[in-house]
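**Student:** Any chance you can model this:
(chains A and B)
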There are 2 protein chains.
Amino acid sequence: MASSHRPAGNGLDPFPADREHELLTPLTAIRAIAEILRDHPELAPAERMLFVERLLAEQQRLEQCIARLLDRSGHPP
Amino acid sequence: MASSHRPAGNGLDPFPADREHELLTPLTAIRAIAEILRDHPELAPAERMLFVERLLAEQQRLEQCIARLLDRSGHPP
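**Tutor:** Numbers count the residues shown, from 1 in each chain, chains lettered A, B, ... in the order given. Here you go, the predicted structure:
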């Protein structure tokens, strides 16, 4: 991608591509891990716990990303 | 809250409070469910599966909310 900003076709502030990537990566990881937990009930408890810990880490990453997004958008500190 | 928009102290487009709520509610639910899965390894498989299904539903809700957010921000359709 040549630019980190896309033109906003609707007159609103464009969404930076890198910020979009920051949002979508943990979001997709959360879905993937939850699907593994759903589709593999035979996982050993220790294996399952590793996936749950990873899920929590991705949730935290997403939460931080959304906090920055809200801050950027005029959210009071 | 009197208004659905907060003033933007940084000159950027303000983030609507209802949209913020839409983002934070599933995000918080995902963390709560993942913490239950982490802290209660003794859950019966059927109970655990209910939590995992709920987690997937919240992830989908969050994904739709983020998709609308990106669309609003000039993301190409």
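**Student:** is the longest helix seen in chain A up against chain B anywhere?
**Tutor:** Under DSSP state H, the helix in chain A containing the largest number of residues is helix A:45-72. Yes. Residues of helix A:45-72 contacting chain B under CB under 8 Å from any CB of the partner chain: A:45, A:48-49, A:52-53, A:55-56, A:59-60, A:62-63, A:66, A:69-70, A:72. C-beta here means a position set from N, CA and C on the backbone, and glycine is covered the same way.
**Student:** Low-confidence regions, chain A specifically.
**Tutor:** The model of chain A has pLDDT under 70 over residues A:1-14, A:73-77.
**Student:** and which of the residues of helix A:45-72 next to chain B is nearest residue A:28?
**Tutor:** Using CB to CB, residue A:62 comes nearest to residue A:28 of the residues of helix A:45-72 next to chain B, at 10.1 Å.
**Student:** Count the neighbours of the nearest residue to residue A:54 once chain neighbours are set aside for me.
**Tutor:** In space, residue A:54 comes closest to residue A:33 once its chain neighbours are excluded; the distance is 5.8 Å by CB to CB, 6 or more residues apart in numbering or on different chains. The local packing of residue A:33 (other CB atoms under 10 Å in any protein chain shown) involves 24 other residues.
**Student:** between the helix or strand containing residue A:33 and helix B:45-72, how big is the angle?
**Tutor:** Using DSSP states H and E, residue A:33 sits within helix A:17-39. Compare the direction of helix A:17-39 with that of helix B:45-72 by axes from the mean of the first three to the mean of the last three CA atoms, to 10 degrees and you get 160 degrees.
**Student:** and the gap between residue A:44 and residue B:23?
**Tutor:** Separation of residue A:44 from residue B:23 (CB to CB, to the nearest Å): 35 Å.
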